[in-house]
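Q: predicted structure and sequence below. I'll ask about it afterward.
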Amino acid sequence: MFLLFAAVVLTLHQKVSNSICGECATDHSALSKTPKLPPKSNNGYSREQPVFDKLQVKDSDGNGLFSFSKGFQIHNKNAAIKYLDSASLINKSIFDYLNKHQQLELLITGSYLAHEVDLNTKQNWGQLRALELKSTLVNFGINRDRISTDSKLVDFNYNPEGYYAYGIDLTLQYIPTENIAKVDFGVANKTLYSKFSSKSFIPDNTLKGYVLELKNHLKKHPSKRVYIKGYTDNIGTRETNHWFGMQRAEIIRQYLIKNGISKHIIYAKSRGARNPVATNNTFAGRAKNRRIEITLK
């Protein structure tokens, strides 16, 4: 009798509920449970932003190529970029990818708010941020002719500490047709400042990347020849400077040969202290004069 009574009560309760709520198909069972709150962020970002700061490098179609758990941050006080611990890994990853894909360039796009404009240069902070990152990547060894910059006006919120983690977009795209001639000219007229003072020559990233670009260029222009000129500052005698210039040119020649460029198309000579490109009265000027010039003809 008790079970029969309970069944009748439940049936009446269901009919009354439907008459009030209608056929909403809503599961009300959760109303008696404590709702789950979103996890709290420990990075200080406002609720308007995601709670992570992953940086994704994309192709021109917006597809992700590779990503990093930490990217770059921008600040609301100036156009500078804050580089996190992963910056060196980001630099190397882009460097390696561009070396493997000679037809591509890197596009850096910096975000900015409407009021973020430099009063002196009239440039927006997004462009200045992109240019700063470009300078960093060039110093790392990436060819500046294969890095383009842009900016975009975006409505975003800085966190309470004044930082924003999504102010830089990185895109690896095909080199625009109008830039190909500039890239080719840069490869065919290259100046290197590799360090020769150590007992054993250690090629830097600029030289490593250039060799790959040079090989790619020679495939497109097989009739060209490579001419290497070694230069010095004016410290020392003419004979000594001529010897140092020849040593530097020969080191680069041997490095090119070791990396697959035919020795029959490479010619090296010394120019000593002739044709300085800067003053020899300062350390910085002398450093610029100690150089290797490579031309293709």
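A: It's in. Numbering: from 1, shown residues only.
Q: how does the chain divide into domains?
A: Here the domain assignment for the chain is 55-175, 181-296, based on automatic domain parsing.
Q: show me where pLDDT drops low in this structure?
A: 1-53, 196-200 (pLDDT under 70).
Q: all strands of the stretch 151-297 of the chain, in order?
A: 163-164, 168-174, 189-192, 226-231, 266-272, 292-296 (DSSP state E, counting those that start in this stretch).
Q: export these to TSV and append columns for mean neighbour count and distance to Asn205.
A: The C-beta positions use only the backbone N, C-alpha and C, and glycine is treated the same way. TSV is the format used below for these (neighbours: other C-beta atoms under 10 Å; distance: least, C-beta to C-beta, whole Å):
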stretch	mean neighbour count	distance to Asn205
strand 163-164	20	29
strand 168-174	18	18
strand 189-192	16	11
strand 226-231	22	19
strand 266-272	18	21
strand 292-296	19	15
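Q: nearest to Thr149, of those strands?
A: Closest approach to Thr149 among those is made by strand 168-174 (10.6 Å; C-beta to C-beta).
Q: adjacent strands (with direction) for the closest one?
A: strand 55-59 (parallel), strand 104-112 (antiparallel) (DSSP bridges).
Q: now do the helix or strand encompassing Leu131 and strand 104-112, the angle between them.
A: In the assignment (DSSP states H and E), Leu131 maps to helix 125-140. Computed by axes from the mean of the first three to the mean of the last three C-alpha atoms, to 10 degrees, the angle separating helix 125-140 from strand 104-112 equals 140 degrees.
Q: ok now helix 125-140, how far from the chain's centre?
A: Centroid displacement of helix 125-140 relative to its chain, using C-alpha atoms, centre = their mean, to the nearest Å, is 8 Å.
Q: what do you get for stretch 289-297?
A: Distance of stretch 289-297 from its chain centroid, counting by C-alpha atoms, centre = their mean, is 26 Å.
Q: re earlier: is it possible to export the strands paired with strand 168-174 to TSV including mean neighbour count?
A: Shown next, in TSV, are these (neighbours: other C-beta atoms under 10 Å):
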stretch	mean neighbour count
strand 55-59	17
strand 104-112	22
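Q: and of these, who's closest to Asp155?
A: Per C-beta to C-beta, nearest to Asp155 of the strands paired with strand 168-174: strand 104-112, 9.6 Å.
Q: export the closest one to CSV, keeping only CA atoms.
A: The C-alpha trace of strand 104-112 is given here as CSV (Å, rounded to 0.1, in the frame of the first residue of the first chain):
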residue,chain,number,x,y,z
LEU,A,104,59.3,32.2,-46.2
GLU,A,105,59.6,35.3,-44.2
LEU,A,106,58.5,36.3,-40.7
LEU,A,107,55.7,38.9,-40.2
ILE,A,108,55.7,40.5,-36.8
THR,A,109,52.5,42.4,-35.9
GLY,A,110,52.3,44.5,-32.8
SER,A,111,49.0,45.4,-31.1
TYR,A,112,48.3,48.8,-29.6
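Q: what's it in contact with?
A: With contact meaning C-beta atoms under 8 Å, 6 or more residues apart in numbering, strand 104-112 is reached by 74, 94, 97-98, 124-130, 133-134, 137, 142, 146-154, 156, 164, 166-176, 179, 183.
Q: redo the strands of the stretch 151-297 of the chain as JSON lines? Include distance to Gln247.
A: Formatted as JSON lines, the strands of the stretch 151-297 of the chain follow (distance: least, C-beta to C-beta, whole Å):
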{"stretch": "strand 163-164", "distance to Gln247": "49"}
{"stretch": "strand 168-174", "distance to Gln247": "38"}
{"stretch": "strand 189-192", "distance to Gln247": "14"}
{"stretch": "strand 226-231", "distance to Gln247": "7"}
{"stretch": "strand 266-272", "distance to Gln247": "8"}
{"stretch": "strand 292-296", "distance to Gln247": "11"}
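Q: show me the one of the ones you listed that comes nearest Asn78.
A: strand 163-164 (12.0 Å).
Q: my guess is Asp118 contacts Trp125. True?
A: Yes. Asp118 is within contact range of Trp125, at 6.9 Å (criterion: C-beta atoms under 8 Å).
Q: check contacts around Asn241.
A: Contacts of Asn241 by C-beta under 8 Å, 6+ apart are 232-235, 272-273.
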